[in-house]
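Visitor: I'd like to go over a predicted model; first the sequence, then the structure.
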Amino acid sequence: MALARNLQSSFTGGELAPSLHARVDLAKYRTGAKKLQNWIIHAHGGITRRDGLQFVGAAGDGSQPVRLVGFEASSSDTYILEFGHLYMRVYRNGALVTVPGGAPFVLSLPYAAADLRGLVVEQSNDVLTITHPSHAPREIARYAHDDWRVSVINFAPPTGGPPTITVTAHKDFTQSPPAGENPSQYYTGETYRYRVTAVRPDGQETLYSEVGTASNDLRWYPSNYNDLDWAGIPGTLFYNVYREESGLYGLIGTAPSSSFRDKNFKPDLSQTPPDGRNPFSAAGAYPRASAYFQQRRIFGGTVLRPQTTWATVSGNFQNFTVSRPAKDSDAMEFTIAGRKLQKIRHYVAMQDLIVFTETGEWRVTGTEGGVITPTGSL
């Protein structure tokens, strides 16, 4: 006797409870199944086999939990990074990456198994930024399939500028007073103070030198001038020279070599030397989360300041220097102003910067077309 066959064209009923297995009178019976394992049910009635996982290899340390993080170098070159207790291993094309000789590539890391859930990993090209409130921020850079390197991010301001400068005053008091001026009202002289910075080939400006001083009369005697000299720095693109006015140092010019002549140039107080700082220099000040937004690298959520966000100099992901007065490209920081504590846990960079805290989400946008700057409002 031939077996009866039932054509079932839909599975929208899903799995039926055992108590319904004999209820042929129900319409649901004709669209259901006794068991649907590893299948995806579509709204239009059909089903598709669920994507599965393939066993590639055992964890490097099976006695401890591990965490898998995706890394996409390009659309055709992807990796799985295995973070374990104090190590990282790499998988590519379904296999463990090995070094010459066949041993697995292993990168030593400072993160214990208990730290893995708290790691925040942010990728930019071939570099991963790793943050955790108990560890200084680090970068893991890919140089080859079997060459990955970890380093602590150096947020210290760039050094290597002129340590000191020498200022020599040149005076010519034989000249006649300007026409119509009373000689008794001539300016009797003042102390001029200078600082010099070096601009490196990567565009970064170093910290300023010690103050160089000279006493002269540049205001009333046009033929007087001050000569500045300092030790040249190899590899410097050019030097910026600043002079004090009203308590601030303003730019008076640039020098291609290690000397400059000041003929009473007017200081530009909108261009001041950078003031270096490192907001993440000690335990308790390590950020919990990071992101990339509008050509800045964003950090925030430290133990001591859990509601504060820091942003690097525009276009320079390790520089937190600021100026007085502030420039649009300067580093900046801002703190969430909430009715209760808002501990920052994560950032998502979209059209605006989205800040996720323990109790809510915050949207950060600037007033100038949405661009956030130190001189604008948030």
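Guide: Okay, I see it. Residues are numbered from 1 along each chain as shown.

Visitor: Only C-alpha atoms from now on, for both contacts and neighbour counts.
Guide: Noted.

Visitor: Name the nearest residue to Ser108, sequence neighbours excluded.
Guide: Distances taken as CA to CA, 6 or more residues apart in numbering place Tyr87 nearest to Ser108, at 4.5 Å, with adjacent residues excluded.

Visitor: Could you pull up the contacting residues of the one you found?
Guide: Taking CA atoms under 8 Å, 6 or more residues apart in numbering, we find Tyr87 in contact with Val106, Leu107, Ser108, Leu109, Pro110, Tyr111.

Visitor: Neighbour count says what about the residues you listed? Which are buried?
Guide: Val106, Leu107, Leu109, Tyr111 (16 or more other CA atoms under 10 Å).

Visitor: mind listing what the third one touches?
Guide: The one in question is Leu109. Counted by CA under 8 Å, 6+ apart, Leu109 has contacts Leu86, Tyr87, Met88, Val150.

Visitor: could you redo the last one with a cut-off of 6 Å?
Guide: Counting by CA atoms under 6 Å, 6 or more residues apart in numbering, Leu109 makes contact with Leu86, Tyr87.

Visitor: what does the second one give?
Guide: Applying CA under 6 Å, 6+ apart, we find Leu107 in contact with Tyr87, Met88.

Visitor: From Leu81, how far out is it?
Guide: With distances taken as CA to CA, to the nearest Å, Leu107 is found 10 Å from Leu81.

Visitor: Overlap in contacts, those two.
Guide: Contact criterion CA under 6 Å, 6+ apart; residues shared by Leu107 and Leu81: none found.

Visitor: How far away from the center of its chain is stretch 147-167?
Guide: A distance of 17 Å separates the centroid of the chain from that of stretch 147-167, by CA atoms, centre = their mean, to the nearest Å.

Visitor: Restrict it to CA atoms and write it as CSV.
Guide: Extracted C-alpha coordinates of stretch 147-167, given in CSV (Å, rounded to 0.1, in the frame of the first residue of the first chain):
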residue,chain,number,x,y,z
ASP,A,147,52.7,40.5,12.2
TRP,A,148,50.5,42.3,14.7
ARG,A,149,52.0,44.8,17.2
VAL,A,150,50.6,46.3,20.3
SER,A,151,51.7,49.6,21.9
VAL,A,152,50.6,52.0,24.5
ILE,A,153,49.2,55.2,22.9
ASN,A,154,51.5,58.1,23.5
PHE,A,155,49.4,61.1,24.3
ALA,A,156,52.3,63.2,25.5
PRO,A,157,52.6,66.4,23.5
PRO,A,158,55.2,66.3,20.8
THR,A,159,58.6,67.4,22.0
GLY,A,160,61.9,68.0,20.1
GLY,A,161,61.6,71.8,19.7
PRO,A,162,64.3,74.3,20.6
PRO,A,163,65.0,74.0,24.3
THR,A,164,66.3,77.6,24.6
ILE,A,165,66.7,80.7,22.4
THR,A,166,69.2,83.5,22.6
VAL,A,167,67.9,87.1,21.9
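
Visitor: Counting neighbours, which bits of that stretch end up buried?
Guide: Here stretch 147-167 shows 148, 150, 153-167 as buried, counting by 16+ other CA under 10 Å.

Visitor: What distance do you get for Ala214 to Trp230?
Guide: Ala214 sits at a distance of 14 Å from Trp230 (criterion: CA to CA).

Visitor: same question, Lys28
Guide: 89 Å.

Visitor: which of these two has more neighbours?
Guide: Neighbours were counted for Lys28 and for Trp230 using other CA atoms under 10 Å; Trp230 has more, 19 against 16.

Visitor: Quick check: the more buried one touching Val167?
Guide: No: using CA atoms under 6 Å, Trp230 is not in contact with Val167; the gap is 9.0 Å.

Visitor: got a list of what the nearest residue to His145 once chain neighbours are set aside touches?
Guide: Of all residues not flanking His145 in the chain, Val97 sits nearest, at 7.0 Å (CA to CA, 6+ apart). By CA under 6 Å, 6+ apart, the residues touching Val97 are Val90, Tyr91, Pro104, Phe105.

Visitor: Only alpha carbons, please: show stretch 269-288 as CSV.
Guide: Written as CSV, here are the backbone C-alpha positions of stretch 269-288 (Å, rounded to 0.1, in the frame of the first residue of the first chain):
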residue,chain,number,x,y,z
LEU,A,269,47.1,86.7,19.4
SER,A,270,44.7,84.4,17.5
GLN,A,271,47.7,82.2,16.8
THR,A,272,49.3,81.1,20.0
PRO,A,273,51.7,78.2,20.8
PRO,A,274,50.2,74.9,21.8
ASP,A,275,49.9,74.0,25.4
GLY,A,276,50.5,70.3,25.8
ARG,A,277,48.6,67.9,28.1
ASN,A,278,47.9,64.2,28.5
PRO,A,279,44.5,63.6,30.1
PHE,A,280,45.1,59.8,30.4
SER,A,281,48.4,59.7,32.2
ALA,A,282,47.6,57.7,35.4
ALA,A,283,45.4,55.0,36.8
GLY,A,284,41.8,56.2,37.4
ALA,A,285,42.2,58.4,34.3
TYR,A,286,42.1,55.7,31.7
PRO,A,287,39.1,55.9,29.3
ARG,A,288,36.5,53.2,29.0
